[in-house]
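# Here you go, sequence then predicted model.
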There are 2 protein chains.
Amino acid sequence: MTILQYIKENINGSFVQKEMPFETKTERYKKSHVFCDYGELEENIFFLQKGIIQVEVENSQHDTRIVDFFIDHGFFCAYTSLLTSSPSDVRIIATTDCKVERFEAQALFEAYKTSLVANQLGRYASERLYLRRMKREKDFLTKTAEERYIDLISQNSEITSELNVDQIAKYLGIRPESLSRIRGKSIKQIG
Amino acid sequence: MTILQYIKENINGSFVQKEMPFETKTERYKKSHVFCDYGELEENIFFLQKGIIQVEVENSQHDTRIVDFFIDHGFFCAYTSLLTSSPSDVRIIATTDCKVERFEAQALFEAYKTSLVANQLGRYASERLYLRRMKREKDFLTKTAEERYIDLISQNSEITSELNVDQIAKYLGIRPESLSRIRGKSIKQIG
């Protein structure tokens, strides 16, 4: 899916390419490419056409946690850095080889001043990102690591087949040993 | 602060009341008023002029956790319910007596179709709500309960003086006994 198709599907069915309020470029990146690193200012927005992206954060002991995985067909960037013009406290990395559309934050902010469709798109995308964050926060407050693991594998089989134990543990916020115990238990329950 | 002032400050400095894309009503509610309960469909958006609001969620054992506190000058509602037209899995309650501006979700959705300022406002408010959620999620992944408690009391002295131990523990996602231990330790450190 492209940004054009995303707008047609979610914002305005009769939207055409020449009405696009900013210019986009299609790019390919290899696995492990860093889109935005700790301390950098985010200056781009990406739309993931194909691949998986992970968003990492570090605690004060420099242990990595994974905030989120993005798969095909959504916007990603170091959004807090973009919105607050402050150095990023997350690192955005390609988990697999990726195909993205990229556009510049400055062009988007300019479009926000006058373009209805740019604001409709920015609002819609922000709402979706909010829903993701809120769901994950509620899960942290109300579910055990085991319940969150079962959610992850049942809702995202596409992602989990691409991830190793270490990545899944970092996403659940637990140690790899704890994940091994949970996996053993889940397999026994399912079996 | 009113919605009009919020728009003038954050969206468009020359905005005037007659350009408001939807009708709002100013209302007062008593402490403990429930704005949206579990299982209800959210049909309103509120702008908090004065007071404190808490957003609660329950785990599968029906233990309550507090997702967020809102204080003066921001939008609140059961936003996931509003955006997904699904029954709310949060309860929104007045922590203190409150003064709010209220408008109907249906009027907002209608305005989103054609109004630039409605979309700018919806985008800006969604971005702010996203930033809150992301900050809290990163805190859960990277900080201890003690670090999160110290953040809460140092950044929100206005809120914490209105809250009891039980409410703070539910916000931090820990038991009241654990909070008492943390408070004792913090006081000793500060002393």
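Everything's here; your move.

# so after the lowest-mean-pLDDT helix or strand in chain A, what's the next helix or strand?
Using mean pLDDT, DSSP states H and E, helix A:157-160 stands out as the lowest-scoring helix or strand of chain A, at a mean of 77. Next along the chain after helix A:157-160, taking DSSP states H and E as the criterion, comes helix A:165-172.

# Could you pull up the mean pLDDT of that next one?
Confidence for helix A:165-172, expressed as mean pLDDT, is 89.

# Tell me if it is near chain B.
No: on the criterion C-beta under 8 Å from any C-beta of the partner chain, helix A:165-172 is out of touch with chain B, staying 9.1 Å away. The C-beta positions use only the backbone N, C-alpha and C, and glycine is treated the same way.

# Using CSV, write down the CA coordinates of that helix.
Extracted C-alpha coordinates of helix A:165-172, given in CSV (Å, rounded to 0.1, in the frame of the first residue of the first chain):
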residue,chain,number,x,y,z
VAL,A,165,13.6,-14.7,21.7
ASP,A,166,15.7,-11.7,22.7
GLN,A,167,13.5,-9.3,20.7
ILE,A,168,10.3,-10.7,22.0
ALA,A,169,11.6,-10.5,25.6
LYS,A,170,12.6,-6.9,25.1
TYR,A,171,9.1,-6.1,23.8
LEU,A,172,7.4,-7.8,26.7
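
# Give me the contact list for whichever helix or strand comes after that helix.
The first helix or strand that comes after helix A:165-172 along the chain, using DSSP H and E, is helix A:176-190. Applying C-beta atoms under 8 Å, 6 or more residues apart in numbering or on different chains, the contact partners of helix A:176-190 are A:145-146, A:149-150, A:153, A:165-166, A:168-169, A:172, A:174.

# Show me where chain A has its helices.
Listed in chain order, the helices of chain A (DSSP state H) span A:3-10, A:79-84, A:105-112, A:116-142, A:145-155, A:157-160, A:165-172, A:176-190.

# would you list the ones you listed in a markdown table and tack on mean neighbour count and distance to residue A:51?
Shown next, in a markdown table, are those (neighbours: other C-beta atoms under 10 Å in any protein chain shown; distance: least, C-beta to C-beta, whole Å):
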| stretch | mean neighbour count | distance to residue A:51 |
| --- | --- | --- |
| helix A:3-10 | 16 | 16 |
| helix A:79-84 | 19 | 18 |
| helix A:105-112 | 16 | 21 |
| helix A:116-142 | 21 | 18 |
| helix A:145-155 | 16 | 18 |
| helix A:157-160 | 14 | 11 |
| helix A:165-172 | 20 | 15 |
| helix A:176-190 | 13 | 24 |
